[in-house]
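In: Sharing a sequence plus its predicted fold:
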Amino acid sequence: MRKKIAIYYFSFTGNTKTVAEYMAEILSRYHDVLLFPICPAKKRSYWSWLFLSFIPGSHVKIDEIFLNDPLRFDHMIIGFPKWTFSCPPVNAFIKMMRGRVGGDVSVFITAGGFGEEGYLRRYLSRFSASGFHVRNTLLIRRSEIGKREFFDKLSPFLSEVMELSLAVERGRIRASSRLQNYGFPGEGI
């Protein structure tokens, strides 16, 4: 049975968008998937975003058009970049979605610096306090995205989302073989 999956993401540099699009491509082979960018109502420069990211819990106005009806989805995936202390568009998203989330949620973060584990823990607390049931998480480094080295991390994350029964060898799920099953070539992507 095909599930309805929504992927909500905020991406300033395009890294998070790249990962979200790969997820959608893989998941759409088995489920009905829709991508929804989290769009700030006002365009800001990198330096403006950096300043706002130093303020924990800060948020900015975001477009409501993208929200659709989250209760019609079986699963939501939310992706965003790791900034200094906060990602203002995602904080606004969490606030907007409070009480509107129906099922399980998966969260992925793209990061280029340091401290991403603590950042993720703080966001998991925010999601939980707003009624989100986070089922699984994924951290992807910016360097892994540029070289397409994140596929091995992506596969187990999506397998849990899809609840697929995949080949197991010696008690471990083989991520690389699953990616090939999904149509992703091996080395040299």
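Out: Nice, thanks for sending it over.
In: which residues sit against stretch 57-64?
Out: Contacting residues not belonging to stretch 57-64 are listed as 38-42, 44, 52, 86, 88-89, 91-93, 95-96 [CB atoms under 8 Å, 6 or more residues apart in numbering]. The way it works is simple: take the backbone N, C-alpha and C, and place the C-beta from them, glycine included.
In: Would you list the buried entries among the residues you listed?
Out: 38, 40, 52, 86, 88-89, 91-93, 96 (16 or more other CB atoms under 10 Å).
In: Looking at the residues you listed, which is nearest A129?
Out: Nearest to A129 among these is N91, at 11.9 Å by CB to CB.
In: now the closest one, nearest residue through space, not along the chain?
Out: Among residues not flanking N91 along the chain, H59 sits closest, at 3.9 Å (CB to CB, 6 or more residues apart in numbering).
In: That neighbour belongs to a helix, doesn't it?
Out: No - under DSSP: H, G, I helix; E, B strand; the rest coil, H59 falls outside any helix and is assigned coil.
In: Could you count how many residues lie near it?
Out: Neighbours of H59 under the rule other CB atoms under 10 Å: 19.
In: for Y123, same thing?
Out: So Y123, with other CB under 10 Å, has 23 neighbours.
In: Correct me if wrong: it contacts A111.
Out: No - the pair Y123 / A111 is not scored as a contact, 11.8 Å apart, by CB atoms under 8 Å.
In: Now do the contacts for A111.
Out: So A111 contacts 81-82, 119, 139-142 (CB under 8 Å, 6+ apart).
In: Mean pLDDT per helix and strand in this protein: which one sits at the bottom?
Out: strand 168-169 (a mean of 24; mean pLDDT, DSSP states H and E).
In: follow-up on the earlier one: for the residue nearest to N91, give its distance to L35.
Out: 22 Å (CB to CB, to the nearest Å).
In: Kindly report the same for R142.
Out: Distance, R142 to L35, using CB to CB: 20 Å.
In: can you check R121 too?
Out: 26 Å.
In: go on, H75?
Out: Distance, H75 to L35, by CB to CB: 14 Å.
In: between these two, which one's more packed in?
Out: A side-by-side neighbour count of H75 and L35, using other CB under 10 Å, places H75 first with 21 against 17.
In: which residues touch the more buried one?
Out: Listed by CB under 8 Å, 6+ apart, the contact set of H75 reads 3-6, 103-106, 135, 161.
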